[in-house]
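Novice: Here is a sequence together with a model predicted from it:
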Amino acid sequence: MEKFRVALEIEERAALEGLVSKGKAASRQLTHARILLLADASHGEAHTDEDIIAALGSSPKTVARVRKRFVTEGLEAALDHRPQPARPDKIKIKGDVEQRLIELACTDPPRGRGHWTLRLLADELVVLGLADAVSTETVRQALKKTTSSRGSSSLGVSRPTPTPSSSGVWKT
């Protein structure tokens with residue numbers, strides 16, 4: 001595996017030491033700062049990856065990734081967490097299928113049922129050939145995106161208005 005040499009400037013080292021000594025940052029950020037401080041070769045006391053792993057309890061990939069990001073992208077990139085990219089290929093219900101699901105949920109439930117359940121909706125999507133297989137969680141997430149939730153107090157569902165009582169005190 002390619003190894004990147006970490007050489008911190010005096011200001012960078014001071015900033016990292018201040019960050020670690022305060023301890024008022026995210027755990028991941030503190031761990032990355034400690035990795036960079038231990039891997040710093042500018043003071044001549046750079047530790048090996050095995051020493052860093054043993055001292056901090058982190059994984060070899062984390063140490064290698066922090067080293068690489070520091071050398072290639074800088075201090076801020078090495079400290080900050082890079083969020084996971086969106087995965088549009090993982091979304092099974094979108095576009096026309098989502099529209100059909102909403103239409104289906106608004107229709108009357110099957111005979112003998114009082115209302116649509118997530119399982120019934122998921123099974124119906126498969127029966128209609130709109131999806132090969134779909135979980136109830138996927139159906140729930142697709143329906144959650146819409147604004148027509150039965151329990152919501154917005155868009156169509158009105159809140160109960162207070163009514164006066166005979167004693168003159170308002171009841172809600």
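Specialist: The structure has been received and is ready for your questions.
Novice: CA only for contacts and neighbour counts going forward, please
Specialist: Will do.
Novice: quick one, helices of the chain?
Specialist: Under the criterion DSSP state H, helices of the chain are mapped to 10-22, 27-39, 49-56, 60-73, 75-79, 96-106, 118-127, 136-144.
Novice: Just put those helices in TSV and tack on distance to Pro88 and mean pLDDT.
Specialist: Below are those laid out as TSV (distance: least, C-alpha to C-alpha, whole Å; pLDDT from 0 to 100):
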stretch	distance to Pro88	mean pLDDT
helix 10-22	37	93
helix 27-39	27	93
helix 49-56	35	92
helix 60-73	25	93
helix 75-79	25	92
helix 96-106	14	90
helix 118-127	20	92
helix 136-144	13	89
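Novice: can you tell which of these is closest to Lys3?
Specialist: Evaluated over the helices of the chain, closeness to Lys3 peaks at helix 60-73, with 7.2 Å, by C-alpha to C-alpha.
Novice: by contact count, what packs against the closest one?
Specialist: With contacts defined as 3 or more C-alpha pairs under 8 Å, 6 or more residues apart in numbering; DSSP states H and E, the packing partners of helix 60-73 are helix 27-39, helix 49-56, helix 75-79.
Novice: Now do it: distance to the chain's middle.
Specialist: 22 Å (C-alpha atoms, centre = their mean, to the nearest Å).
Novice: Give the buried residues for that helix.
Specialist: Val63, Ala64, Val66, Arg67, Lys68, Arg69, Phe70, Val71 (16 or more other C-alpha atoms under 10 Å).
Novice: Can you report how many residues lie near the nearest residue to the fifth one once chain neighbours are set aside?
Specialist: In this case it means Lys68. Spatially, and ignoring its direct neighbours in sequence, Lys68 is nearest to Phe4 (5.7 Å; C-alpha to C-alpha, 6 or more residues apart in numbering). Residues near Phe4, counting by other C-alpha atoms under 10 Å, number 16.
Novice: Thank you kindly, that will do.
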